[in-house]
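Student: sequence first, predicted model second:
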Amino acid sequence: MKQLLSIFILLISLQVTAQPDRWQQAVAYTMDINMDVKKHQFTGTQHLVYYNNSPDTLTKVYYHLYFNAFQPGSMMDVRSRNIADPDSRVGDRIFHLKADEIGYQKIKSLKHDGVSVDYKVAGTILEVTLDKPILPNSHTTFDMDFEAQVPLQIRRSGRDNKEGIDYSMAQWYPKISEYDYMGWHPNPYVGREFHGVWGSFEVNITIDPCYIIGGTGYLQNANEIGHGYQEEGLKVKKQKKDVTWRFKADKIMDFVWTADPDYTVTKKQVPDGPLLYFVYQKNKETEESWAQLPNYMVKTFQYMSNRFGTYPYKQYSFIQGGDGGMEYPMATLVTGNRKLASLISVSVHEGIHSWYQHLLGTNESLYCWMDEGFTVYASNETKGFLYNDNKDRHQGSFKGYKQLVESGNEEPSSLHADHFNTNWAYGTAAYSKGSLFLHQLSYIVGMDAFNKGMKKYFDTWKFKHPNPNDFIRIMEKESGMVLDWYLNYWINTTKTIDYGIKSVVGDDSKTSITLERIGEIPMPIDLQVTYKNGKTALYYIPLRIMRGEKPNEGTNITRIVKKDWAWTNPTYTFEIDNKEGEISEIKIDPSARMADIVKGNNVYRIGD
């Protein structure tokens, strides 16, 4: 009865908080898992309550079977062996896995509302044909028995990673696909991004008692388990037989866990925030850096909650595991044998994914730049705060973007994550160009509107799967500008920005300046004029298509707003008075937030 009440509250919560025109599905998983650590296999039962909140009648459902990607000849294997720049963590290793080393998920039985149903498996997708359709605004149940083998190949998930972590259990269970206003999203897994349905999870994992588990959710029986998870003062019973770890979590899209007999668990409370867990192997490689990590992560969660939106869960775990860094609800897996700076960097990035993936829930397969790019931007800003560093921390994103542009291999950021021709193009489009999307947007609308917009975006769209238009509409409302042109140019094309100072002609009283738009993406222009007496003036040229202008960001610099620039015009000429005397320098974009690919023509020095 309590479980049904919890599911009902979850369903109502998801319906009430959603936008009036944006329904979304809901799920409630209950899973019992029995892990055989000698065979690296497990059996499981899954009871799934599925809420069809859509206006559509569903005659099929789809599940993801991610472990099936770790087999010779799988789409992930073939993709890795044929792409021009394969991920070094995979290469051709899947192709050489033996029968007892591959990954698999096998469905033993599947019932819909108590009746067995037909299904077929195509690689990493389970396609289920329903005898009884799921009607709009109704709920239904699925009961599944399955077995699985954990692959001896770490790509986010797997066993025996290079640092000696036994089990990194990501994408480990049959996971129902998302169905939304765009339809089903049963994308075969080739090692890129994910999408999921908001819901509740009750996961019970039975395993050898020497193992310590870290992961998503709140441990329900800490007094039985111990291993650093128990509350102060509780006595832990020594176990001789397998023990069951019982976890629960609500309003999440996925569930990850790890297991290793050599884990150490430490804690750190964020004031007015979550309790942070740090789960790692304590040794000479990790002892010093992991001891210092908690203080940095406390500051990270405080900064992010203050600037970008409040983290709502009561817990988060940083767990040594996986093959680099990968985010999941309420937890991240990171390789842990790192110097402190590297450990902080990966932990900050993966932790911030809680905001830009696991709280907003963007479809990161379709909009990878909204997940990775927004996370990179916030990570750069957070690290500036942590290190009290005022330098431009976004130059790395610009350099990576510029290199790809010059290579001729760039593809639009709007491309589905699985279908980029190279990992280089995907990574740059998602991480670098996605980060620059925000950095430039702060230039266009001004920092005040931008910061307010970022927080409003999070508060408005958390738990609601926003798309690009949802984000840009928030920014339009905050800035009073029209911004669809920017979204279209920067995300849907590979056009570039390049402005230059074409000519400067003057006499004792006036100076005529002609600017030119060389690249195809139009932008508003900040132009700073510096005089030989040390004084400066800022000239602002709005872009006509914006239908607005940003406020003056430089409180100590006089700003003159000029007539707007029509995007069709390749040049723009205006005059300035020389009342301050001789000009020493004229500079486009003094804040350096525009991703202008040719910086050399942005500065004109008198006498050069």
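Tutor: Thanks, I have it.
Student: could you dump stretch 60-71 to CSV, C-alpha only?
Tutor: Taking Å, rounded to 0.1, in the frame of the first residue of the first chain, the C-alpha atoms of stretch 60-71 are listed here in CSV:
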residue,chain,number,x,y,z
LYS,A,60,4.4,-1.5,-28.6
VAL,A,61,7.0,-0.7,-26.0
TYR,A,62,10.8,-0.9,-26.2
TYR,A,63,13.6,-1.6,-23.8
HIS,A,64,17.3,-0.9,-23.9
LEU,A,65,19.6,-3.9,-23.3
TYR,A,66,22.9,-2.1,-23.1
PHE,A,67,25.1,-5.0,-22.2
ASN,A,68,24.4,-6.6,-25.5
ALA,A,69,26.7,-4.0,-27.1
PHE,A,70,29.7,-5.8,-25.5
GLN,A,71,29.7,-8.6,-28.1
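Student: adjust the sequence numbering to begin at 18 for everything that follows.
Tutor: With 18 as the first residue, the last one maps to stretch 77-88.
Student: buried stuff in it?
Tutor: Val78, Tyr79, Tyr80, His81, Leu82, Tyr83, Phe84, Asn85, Ala86, Phe87, Gln88 (16 or more other C-beta atoms under 10 Å). Quick note: C-beta positions are derived from backbone N, CA and C, even for glycine.
Student: ok, now stretch 152-160?
Tutor: Neighbour counts over stretch 152-160 (16+ other C-beta under 10 Å) mark His156, Thr157, Phe159, Asp160 as buried.
Student: and the residue most central in space within the chain, how far is that from Tyr394?
Tutor: Computing the C-alpha centroid of the chain and ranking residues by C-alpha atoms, centre = their mean puts Asp388 first, at 3.2 Å. Distance, Asp388 to Tyr394, by C-beta to C-beta, to the nearest Å: 11 Å.
Student: quick one: the strands in the stretch 318-467 of the chain, in order.
Tutor: Using DSSP state E, counting those that start in this stretch, the strands of the stretch 318-467 of the chain run over 332-337, 342-345, 348-351.
Student: go through those and name the closest to Leu532.
Tutor: strand 342-345 (42.3 Å; C-beta to C-beta).
Student: contacting residues around the closest one?
Tutor: With contacts defined as C-beta atoms under 8 Å, 6 or more residues apart in numbering, strand 342-345 is touched by 173, 187, 232-233, 271-273, 349-352, 363-364, 366-368, 370-371, 374-375.
Student: ok, it: who's next to it in the sheet?
Tutor: Sheet partners assigned to strand 342-345 using DSSP bridges are listed as strand 348-351 (antiparallel).
Student: hmm, Gln545 is touching Thr553, no?
Tutor: Yes: between Gln545 and Thr553 there is a contact under C-beta atoms under 8 Å: 5.9 Å.
Student: which residues do these two both contact?
Tutor: Contacts common to Gln545 and Thr553, judged by C-beta under 8 Å, 6+ apart, are Ile574.
Student: between the buried residues of stretch 77-88, which sits nearest Asp225?
Tutor: Closest to Asp225, out of all of the buried residues of stretch 77-88 and judged by C-beta to C-beta, is Phe84, at 20.6 Å.
Student: in a strand, that's where Ala45 is, yeah?
Tutor: Yes: per DSSP: H, G, I helix; E, B strand; the rest coil, Ala45 lies within a strand segment.
Student: what's the distance between it and Ser396?
Tutor: 33 Å.
Student: cool, and His366?
Tutor: Applying C-beta to C-beta to His366 and Ser396 gives a distance of 5 Å.
Student: and if you look at Phe467?
Tutor: For Phe467 relative to Ser396 (C-beta to C-beta), the value is 17 Å.
Student: quick one: which of the strands of the stretch 318-467 of the chain is nearest Lys527?
Tutor: Nearest of the strands of the stretch 318-467 of the chain (C-beta to C-beta): strand 342-345, 56.2 Å.
Student: now the closest one, how far from the chain's geometric center?
Tutor: 9 Å (C-alpha atoms, centre = their mean, to the nearest Å).
Student: tell me the pLDDT at the residue nearest to Asn550 when sequence neighbours are not counted?
Tutor: Counting by C-beta to C-beta, 6 or more residues apart in numbering, Asn550 lies nearest to Gly598, which is 5.5 Å off, once chain neighbours are set aside. Gly598 is assigned 84 on the pLDDT scale.
Student: please name the residues that touch Gly598.
Tutor: Neighbours of Gly598 in contact, by C-beta under 8 Å, 6+ apart: Tyr548, Lys549, Asn550.
Student: compare these and tell me which is most surrounded.
Tutor: Tyr548 (17 neighbours; other C-beta atoms under 10 Å).
Student: hang on, Glu118 in a helix?
Tutor: No: using three-state DSSP, the secondary structure at Glu118 is coil, not a helix.
Student: how many neighbours does it have?
Tutor: Glu118, neighbours per other C-beta under 10 Å, totals 20.
Student: quick one, what contacts it?
Tutor: Glu118 neighbours (C-beta under 8 Å, 6+ apart): Pro168, Leu169, Gln170.
Student: separation between it and Val167?
Tutor: In terms of C-beta to C-beta, Glu118 sits 10 Å off from Val167.
Student: I'd assumed Tyr297 was in contact with Ile229.
Tutor: No: look at Ile229 against Tyr297 with C-beta under 8 Å: they stay out of range, at 10.5 Å.
Student: between those two, tell me which one has more neighbours.
Tutor: Tyr297 (28 against 22).
Student: can you list contacts of the helix or strand hosting the more buried one?
Tutor: Assigned by DSSP states H and E, Tyr297 falls within strand 292-298. Strand 292-298 has contacts (C-beta under 8 Å, 6+ apart) with 180-182, 229, 231, 246, 275, 277, 279-287, 303, 307, 310-311, 314-315, 318, 331-337, 353.
Student: now the buried members of those.
Tutor: 180, 182, 229, 231, 246, 275, 277, 280-283, 285, 287, 303, 307, 310-311, 314-315, 318, 332-337, 353.
Student: of these, which belong to helices?
Tutor: Trp307, Leu310, Pro311, Met314, Val315, Phe318 (DSSP state H).
Student: surely the second one touches Ile361?
Tutor: Yes: A contact is recorded between Leu310 and Ile361 when judged using C-beta under 8 Å, the distance being 6.7 Å.
Student: for the buried residues of stretch 77-88, which one is nearest Trp262?
Tutor: Phe84 (20.4 Å).
Student: just to revisit the earlier point, pLDDT and distance to Ala447 added to the contacts of Gly598, as CSV?
Tutor: What follows is these, written out as CSV (pLDDT from 0 to 100; distance: C-beta to C-beta, whole Å):
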residue, pLDDT, distance to Ala447
Tyr548, 93, 43
Lys549, 92, 46
Asn550, 91, 47
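Student: show me which of the residues you listed is closest to Val214.
Tutor: Out of the contacts of Gly598, the member with the shortest distance to Val214 (by C-beta to C-beta) is Tyr548, at 60.5 Å.
Student: dump the residue contacts of that closest one.
Tutor: Counting by C-beta under 8 Å, 6+ apart, Tyr548 touches Ala554, Glu597, Gly598, Glu599, Ile600, Ser601.
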